[in-house]
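Trainee: show me the folded form of this:
(one chain, ligands or ions: 1)
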Amino acid sequence: MGRLSGTMGASECQVLLRKKRGGGRKSLKCVGGEGGKWFKECLDMQIGEGDFFKFWDHCWVGGKKLSERFPRLYRLCKNQDGFISNMGEWLGEVWEWKLEWNRELRERERAQADELLSSIKEINLHAGMKDCWRWKHTPNGLFSVNSAYKAFRQARSENGTNCEQMDFKKLWKAPAPHKMKTTAWRILKGRMATCDNLIRRNILAANSNSDCILCKSQLEDLNHLFFSCQITCDLWKEILSWIGIQTAMQRTAKENFLAFSNLGDKVDFHFMACVWICVVWCIWKARNDCIFSQASWNISKVVTEIKTRTWSWTQVYKQMPQSLDLKSWMIKPKVIE
Ligand SMILES: [Zn+2]
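Mentor: Here you go, the predicted structure:
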């Protein structure tokens, strides 16, 4: 925990948050467009004796820099770089503003100067107290990594819908066959004909066998089949180890896709989205083969199918990693630098 000095900026905050989260610059970008903007919104300026904040260049009154609000006066003032305390003097215990100009102001400029003075006259300077930044998310105004992390998480969840929409749009841009993207999209939307869904829609009788065909021990619903079933979790693990990534398994389709497609900046986004699309598509196909063709689950067959299919996309789509022969690709797709 610490007082925020003038040198503490958005980039330092990003570093701290990144350390805490273990990566994820993309997530910061989701909050209000960029992390720096979000960080600044978490700070209040506390004006003391006006010795730290610049009169024209800090945004200390009215939500905008005075140099931007009154550009003509800014050009005419004598001390463009001055602190707030340089723009007036104490008369006993009362602060009086005294702005100095390079020449006498004309009528229109005087009106602007009056407007400027009326907007700052309510601001009280405090003799003997230093200017400082106050962190909004702790009662004492002192910055702490924990409070920043909590605030960041909250802002992120409030912006969650936008982030999701943005990331799900990326699914359609992924260099993969359209029919497979459509299946992936239906999974994200919860629109697959899994047993629970068919029973809910009275397509299957309520007393039908609704066990997961793969593990045969739990109800087959969408999140179970694709992301919680022990059998498919083993498949995900194999695929992640092929790519060279370790990560916790998210148990819902949306969380899983978002986590997967945002796995660090170093991993090529198109590749990750394609692998995700291919894995869920192959799970669905294998599940249908088990139900309708009495096939049995064979993890190494599915793994091989995922590897060969994604390799074939590298030959077709320029956004995919290039120049590996199939044999090398099967061992390691080399997408991590
Ligand atoms: Zn299962």
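Trainee: so which residues of the stretch 1-150 of the chain form helices?
Mentor: Assigned by DSSP state H, counting those that start in this stretch, the stretch 1-150 of the chain shows helices spanning 10-21, 25-30, 35-41, 66-69, 71-76, 107-120, 145-158.
Trainee: now do the last one: which elements does it pack against?
Mentor: Yep, that's helix 145-158 we're talking about. Helix 145-158 sits against helix 10-21, helix 25-30, with contacts defined as 3 or more C-beta pairs under 8 Å, 6 or more residues apart in numbering; DSSP states H and E. The C-beta positions use only the backbone N, C-alpha and C, and glycine is treated the same way.
Trainee: rewinding a little: looking at the helices of the stretch 1-150 of the chain, which one has the lowest mean pLDDT?
Mentor: When the helices of the stretch 1-150 of the chain are compared by mean pLDDT, helix 25-30 comes last with a mean of 39.
Trainee: flag every buried residue along whichever strand or helix holds N197.
Mentor: N197 belongs to helix 195-200 when assigned by DSSP states H and E. Residues of helix 195-200 classed as buried by neighbour count (16 or more other C-beta atoms under 10 Å): C195, D196, N197, L198, I199.
Trainee: and which of the residues you listed is nearest the ion?
Mentor: The nearest member of the buried residues of helix 195-200 to the ion, counting by C-beta to the ion, is C195 at 10.8 Å.
Trainee: so how far is C215 from that closest one?
Mentor: 13 Å (C-beta to C-beta, to the nearest Å).
Trainee: then H178?
Mentor: 31 Å.
Trainee: more crowded one of these two?
Mentor: C215 (17 against 8; other C-beta atoms under 10 Å).
Trainee: you'd agree the more buried one is up against C229?
Mentor: Yes - here C215 reaches C229: they are 5.1 Å apart, a contact under C-beta atoms under 8 Å.
Trainee: which residue ranges of this structure form strands?
Mentor: Secondary structure of the chain by DSSP state E: the strands cover 43-46, 88-91, 94-97, 132-135.
Trainee: packing partners of the third one?
Mentor: Counting contacts by 3+ C-beta pairs under 8 Å, 6+ apart, the secondary-structure elements packed against strand 94-97 are strand 88-91.
Trainee: quick check: mean pLDDT of the strand it packs on?
Mentor: Across strand 88-91, pLDDT averages out at 90.
Trainee: identify all contacting residues around it.
Mentor: Residues from elsewhere that reach strand 88-91, judged by C-beta atoms under 8 Å, 6 or more residues apart in numbering: W95, E96, W97, K98, L99, L125, A127.
Trainee: if we go to 10 Å?
Mentor: E49, G50, F55, W95, E96, W97, K98, L99, I120, L125, A127 (C-beta atoms under 10 Å, 6 or more residues apart in numbering).
Trainee: ChimeraX command for the buried members of these?
Mentor: Buried residues among these (16+ other C-beta under 10 Å), as a ChimeraX selection:
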select :49,50,55,95,99,120,125
